[in-house]
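Undergrad: I would like to see how this sequence folds:
(chains A and B)
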Amino acid sequence: MSAVQNLVRLEKVSLRYGQGPKATLAIDEIDLSIRRGEFVAVVGPSGCGKSTLMKIISGLVPISGGVALVEDREIAGPLKSVGMAFQAANLLPWRNTVDNVMLPLEVVEPHKRRIGSHRAEYVAKVEALLERVGLKGFGSKFPWELSGGMQQRTSICRALIHQPEILLLDEPFGALDAFTREDLWCTLRDLQRERGVTVMLVTHDLREATFLADTVYVFSPRPGRIILRHEVDLPRPRDLSITYSAAFTETVQLLRSYIHH
Amino acid sequence: MNRLPTYVVWPALFTLSLFAIWEIACVSFAIPPSFLPAPSTIAEAGWNFRSTLIDNSAVTLWTTLVGFGIATFVGLLLGAIIGASRGLYEALYPVMIGFNSIPKVAIVPVLILWFGVGSLPAVLTAFLISFFPIVVNVATGLATTEPELRDVLRALGATRWEIIRKIGLPRSMPYFFSSLKVAITLAFVGSVMAETVGSNKGVGHLMLSAQAAFQVPLVFAGLLALAILGIVLYAAMVIVERRFTGWAYR
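TA: Sure thing, here's the model as predicted:
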């Protein structure tokens, strides 16, 4: 057993934007740890610093206080082993689906050096992943030829293709209709189980958090503090029908009681 | 016989009827050719002076294209630099706006003073008048890159240059190519203007000479040649634009 059980560990982490008396505190002394392979959901009211937390873990913004460790090393800059997806799919309109998913491979070592000479191998890898999320045969389509759900699937593939240690998702399903959203929950659930990837999902949707996560953190309004850490003890694998069970509803209600607007 | 598409038929019909009305008006109101020559007179003058017209049009086309080429290169480079760096954007933008506000016709005498009468002032005028829209458009395309997209790449450890190359530049290409349509017309205006103020070649110079000799039909033939050149250059840019940024027009 390796000593590195926790992939991410935050101890009394604070973050303020700006300086001097005008500085606003976005995150206030957060303690949080994420095990390797764990699925964590972060919920809370708008502007509570959920997205900021994501930026801290990905190394995009430096913290103002406390200790932030990934693999027991302090976060000093962008991590390379993260994959990110947002509410907007942010696909590049001049690239087809395969080339969109390929983007991280053109930036991250060692793929960056190999991609020129081993293109066929990488295309096959991308096609396999696309097939896995139900986009078989859509590789040569351009973003505008895809539905919103398909675009979001592509975006998640792009976040996963370079096999990141941690997948950071910022309300990835927020702009989708209810049926597509539940469909994508299942896709994400299966991907996470198969690949064993660690996931941090930021969301407004308590049902989504309950259905997908091992652990749910509830944030207070700004400045963000953790007011509840709840381990979801619903059995896995979870089927969509579980969302109609009493245990599920109880969990959602518990989470809701901690959300103050 | 194949049926011609409407985007060919309608403009052709409209242009022909315009010339027809012009012709009829000249004949029925007995307008003297020294004031407004009829299209037939202009065509005749154009035919009689065809070699002079073609030679001078070639010169104008050449100076326009060279000036435009330089403007494209400089505009792309400057736009990329300004769009990529907020500091440079703030430092250079006011200066460029100031420079762009100067009517370029006021610069031509300076250029002639420096480089003498000839093609060089025309090339430089074409360049100076046409590079600004290219700079602005490329810079805008780069500066409006979605922050989330930038974060995706930044979190992967991408360098600033990689982000520009993978996202910023391709993204600003529609802006760039649409600015070329504006720039080519401006470059054309610039070179003809410089030719008119001081040159010994080009359509601008030809028209000035014809005017001095009271060859009014030839002046109009020169105008017509300019209009045709302008349309051809613009159409070429549209084709280039469609060819390279088809993804932005679906």
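
Undergrad: tell me the residues of chain A that contact chain B?
TA: When proximity is defined as Cβ under 8 Å from any Cβ of the partner chain, chain A approaches chain B at A:55, A:58-60, A:77-80, A:82, A:84, A:86, A:88, A:90, A:92-94, A:103-104, A:106-108, A:142, A:144, A:158-159, A:162, A:168. For glycine as for every other residue, the C-beta is placed from the backbone atoms N, C-alpha and C.

Undergrad: out of those residues, name the ones that lie in strands.
TA: Helix and strand membership here follows DSSP state E; of these, those in strands are A:Val82, A:Met84, A:Leu168.

Undergrad: how about CSV for these, with distance to B:Pro33, pLDDT and neighbour count added?
TA: Below are those laid out as CSV (distance: Cβ to Cβ, whole Å; pLDDT from 0 to 100; neighbours: other Cβ atoms under 10 Å in any protein chain shown):
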residue, distance to B:Pro33, pLDDT, neighbour count
A:Val82, 77, 87, 26
A:Met84, 72, 90, 28
A:Leu168, 77, 93, 28
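
Undergrad: which one of these sits closest to B:Phe14?
TA: Checking these against B:Phe14 with Cβ to Cβ, the nearest one is A:Met84 at 53.8 Å.

Undergrad: need the contact list for that closest one.
TA: Contacts of A:Met84 were listed using Cβ atoms under 8 Å, 6 or more residues apart in numbering or on different chains, and they are A:Met54, A:Ser58, A:Ala159, A:Leu167, A:Leu168, A:Leu169, A:Asp170, B:Asp151, B:Val152, B:Ala155.

Undergrad: is the closest residue to the first one other than its chain neighbours bridged to anything, and to what?
TA: Same thing as A:Met54. On the basis of Cβ to Cβ, 6 or more residues apart in numbering or on different chains, the spatially nearest residue to A:Met54 that is not a chain neighbour turns out to be A:Leu168, at 4.9 Å. With DSSP bridges as the criterion, A:Leu168 is bridged to A:Met84, A:Met200.

Undergrad: how close does A:Leu168 sit to B:Leu88?
TA: Applying Cβ to Cβ, to the nearest Å, the value for A:Leu168 to B:Leu88 is 32 Å.

Undergrad: in the chain, which spans are helices?
TA: No chain specified, so I'll use chain A. Secondary structure of chain A by DSSP state H: the helices cover A:50-57, A:97-102, A:111-114, A:119-132, A:148-160, A:178-195, A:206-212, A:246-257.

Undergrad: sorry, I should have been clearer: chain B.
TA: For chain B, applying DSSP H gives helices covering B:6-28, B:39-48, B:50-84, B:86-101, B:108-115, B:119-143, B:147-154, B:160-163, B:169-197, B:202-212, B:216-244.

Undergrad: okay if I get those helices as CSV plus mean neighbour count?
TA: Shown next, in CSV, are the helices of chain B (neighbours: other Cβ atoms under 10 Å in any protein chain shown):
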stretch, mean neighbour count
helix B:6-28, 11
helix B:39-48, 17
helix B:50-84, 20
helix B:86-101, 12
helix B:108-115, 15
helix B:119-143, 25
helix B:147-154, 20
helix B:160-163, 16
helix B:169-197, 23
helix B:202-212, 21
helix B:216-244, 17
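
Undergrad: can you redo those helices as CSV with mean pLDDT and distance to chain A?
TA: Conversion of the helices of chain B to CSV gives the following (pLDDT from 0 to 100; distance: least, Cβ to the nearest Cβ, whole Å):
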stretch, mean pLDDT, distance to chain A
helix B:6-28, 91, 24
helix B:39-48, 92, 44
helix B:50-84, 92, 17
helix B:86-101, 86, 17
helix B:108-115, 90, 39
helix B:119-143, 91, 12
helix B:147-154, 84, 5
helix B:160-163, 87, 6
helix B:169-197, 91, 5
helix B:202-212, 90, 39
helix B:216-244, 90, 10
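
Undergrad: reformat these as JSON lines; add distance to A:Arg36.
TA: As requested, the helices of chain B are exported to JSON lines (distance: least, Cβ to Cβ, whole Å):
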{"stretch": "helix B:6-28", "distance to A:Arg36": "62"}
{"stretch": "helix B:39-48", "distance to A:Arg36": "81"}
{"stretch": "helix B:50-84", "distance to A:Arg36": "38"}
{"stretch": "helix B:86-101", "distance to A:Arg36": "39"}
{"stretch": "helix B:108-115", "distance to A:Arg36": "68"}
{"stretch": "helix B:119-143", "distance to A:Arg36": "39"}
{"stretch": "helix B:147-154", "distance to A:Arg36": "23"}
{"stretch": "helix B:160-163", "distance to A:Arg36": "29"}
{"stretch": "helix B:169-197", "distance to A:Arg36": "36"}
{"stretch": "helix B:202-212", "distance to A:Arg36": "73"}
{"stretch": "helix B:216-244", "distance to A:Arg36": "46"}
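
Undergrad: closest to A:Gly149 out of the ones you listed?
TA: In this view, the helices of chain B are compared for proximity to A:Gly149 by Cβ to Cβ, and helix B:147-154 is the closest at 18.5 Å.

Undergrad: what is that closest one packed up against?
TA: Counting contacts by 3 or more Cβ pairs under 8 Å, 6 or more residues apart in numbering or on different chains; DSSP states H and E, helix B:147-154 is packed against helix B:160-163.

Undergrad: pretty sure B:Ala210 contacts B:Leu218?
TA: Yes: proximity of B:Ala210 to B:Leu218 meets the contact threshold set by Cβ atoms under 8 Å, at 4.0 Å.

Undergrad: residues contacting the nearest residue to B:Leu88 once chain neighbours are set aside?
TA: When the adjacent residues along the chain are set aside, B:Leu88 lies closest to B:Ile82, with 5.5 Å between them (Cβ to Cβ, 6+ apart). Taking Cβ under 8 Å, 6+ apart as the contact definition, B:Ile82 lies against B:Leu88, B:Tyr89, B:Leu92, B:Tyr93, B:Val135, B:Ala139.

Undergrad: closest residue of the stretch 101-250 of chain A to chain B?
TA: When distances are taken as Cβ to the nearest Cβ, the stretch 101-250 of chain A reaches nearest to chain B at A:Val107, 4.5 Å away.

Undergrad: fine by me, thanks again.
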